[in-house]
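A.B. asks: Turn this into a model:
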Amino acid sequence: MRRGPGLAATAVAVTAVTAVTAVGCDDGARPDLVVKGTPPATAYSGPLHVPAGRPDGSGPRALRLASGAAGRALECDGEIFDGSGPDGWSASDGGATPEEGLALYFDMVRPEQPDHGYRAERTEPDRVLYSYDVGGRTKVAVVVARDQQDRPGWGPETNASCDPAELPAGFTDTTGWEIWTDRRGRRVPVTALSSSPGSAHCGRQSAHFLTLDDRRYARDPDGVLERDGLLRAPYRARAGMPADAHDTGYHLRGRRLWLTDDRMTAYVRTAAGVEAWPLLKQGAGCD
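C.D. replies: I've put the predicted structure just below:
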């Protein structure tokens, strides 16, 4: 699994990262959408036009095929996290410049990625590779192209990104991602460990979910999940720590994750005590 180091935005990817907002072409590109930055020691030297495939299934291999040159330009600590190929736009949408084409990407796709601080890493007559760098390494890549088939003007052709844990905390703190850290203070990839509150539209906003590898646990203080028969065991707000439990080292905002070898329950230690988060049943649905 991907392990992100303690990250900080560099001069390449602006030091103050604010909340993501959609960038439209109507008002032109934001002044800080593209910055000069500092070229890395080794720039991407591959082709900017790599036909994006439409593979069956999911996973890193499928994402690499779907994201074409953008996927190849990434410098992730682990595997690619997200990526896709071109989407269509009308004659009135395409940008007059490569930078307007990059702005169109955020307007159309609205990705949960930094929306400013990109550097033009490679420029060709009909394509430009824009990269968002952290520590001199590309974590988000967008290739914009001019006059693609049925897509006039400048606009996004392929895009790809690393795990959110590899992006600066100043950015991810403004998103829905909850990034845990390990005992050494390194940010843990969301593909390995993630958590999130329940959805209000499901009536489960009081619950909280935790996914570790392929297992999903839940905090259920109001019993909304237990009422629907979604838990394998009751949630306990006050539980004793089993003698065979061990500290995983993972922590987030005052919560520390402990597990027993069978991993049937996530024991979450807080300043108030220990909570027992049971496993969710398969097919829990909306959360």
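A.B. asks: What's the end-to-end length of stretch 193-210?
C.D. replies: 7 Å (Cα to Cα, to the nearest Å).
A.B. asks: ok, now stretch 174-194?
C.D. replies: Stretch 174-194 has an end-to-end distance of 16 Å (Cα to Cα).
A.B. asks: Report the buried residues of that stretch.
C.D. replies: Residues of stretch 174-194 classed as buried under the neighbour-count rule (16 or more other Cβ atoms under 10 Å) are 177-182, 186-194. In short, each C-beta sits where N, CA and C put it, glycine included.
A.B. asks: Can you verify residue 226 is assigned to a helix?
C.D. replies: Yes. Checked against DSSP: H, G, I helix; E, B strand; the rest coil, residue 226 lies within a helix.
A.B. asks: There's contact between it and residue 219 in this structure, I believe.
C.D. replies: No. With contacts counted by Cβ atoms under 8 Å, residue 226 stays clear of residue 219, the gap being 11.4 Å.
A.B. asks: Can you check which residues contact both of those two?
C.D. replies: Common neighbours of residue 226 and residue 219 (criterion: Cβ atoms under 8 Å, 6 or more residues apart in numbering): residue 235.
A.B. asks: Between the two, tell me which one has more neighbours.
C.D. replies: Counted by other Cβ atoms under 10 Å, residue 226 and residue 219 do not tie: residue 219 has more neighbours, with 23 against 16.
A.B. asks: how close does the residue nearest the centre of the chain get to residue 173?
C.D. replies: Nearest residue to the geometric centre of the chain (Cα atoms, centre = their mean): residue 164, 3.4 Å. Taking Cβ to Cβ, to the nearest Å as the measure, residue 164 falls 11 Å from residue 173.
A.B. asks: And the protein, what are its domain boundaries?
C.D. replies: Listed by automatic domain parsing, the domain ranges of the chain are 1-177, 192-278.
A.B. asks: quick one, phi/psi of residue 101?
C.D. replies: Backbone geometry at residue 101, expressed as degrees, to the nearest 10, gives phi -70, psi -40.
A.B. asks: what's the burial count for it?
C.D. replies: By other Cβ under 10 Å, 29 other residues sit near residue 101.
A.B. asks: where does it land on pLDDT?
C.D. replies: Residue 101 is assigned a predicted lDDT (pLDDT) of 94.
A.B. asks: Just checking: what are the partner strands of the one helix or strand residue 210 maps to?
C.D. replies: Residue 210 is located in strand 208-212, with elements delineated by DSSP states H and E. Using DSSP bridges, the strands paired with strand 208-212 in its sheet are strand 193-197 (antiparallel), strand 215-219 (antiparallel).
A.B. asks: Specify the stretch among the ones you listed that is closest to residue 208.
C.D. replies: Among these, the nearest to residue 208 by Cβ to Cβ is strand 215-219 (4.1 Å).
A.B. asks: Could you give the average pLDDT over that closest one?
C.D. replies: Summarised as a single mean, pLDDT over strand 215-219 is 96.
A.B. asks: residues of it that come out buried?
C.D. replies: 216-219.
A.B. asks: burial measure for the closest residue to residue 216 other than its chain neighbours, as a count.
C.D. replies: Sequence neighbours aside, residue 280 is the residue nearest to residue 216 in space, at 4.5 Å (criterion: Cβ to Cβ, 6 or more residues apart in numbering). Neighbour count of residue 280, defined by other Cβ under 10 Å: 22.
A.B. asks: Name all residues that make contact with residue 280.
C.D. replies: Applying Cβ under 8 Å, 6+ apart, the residues near residue 280 are 209, 216-218, 225, 230-232.
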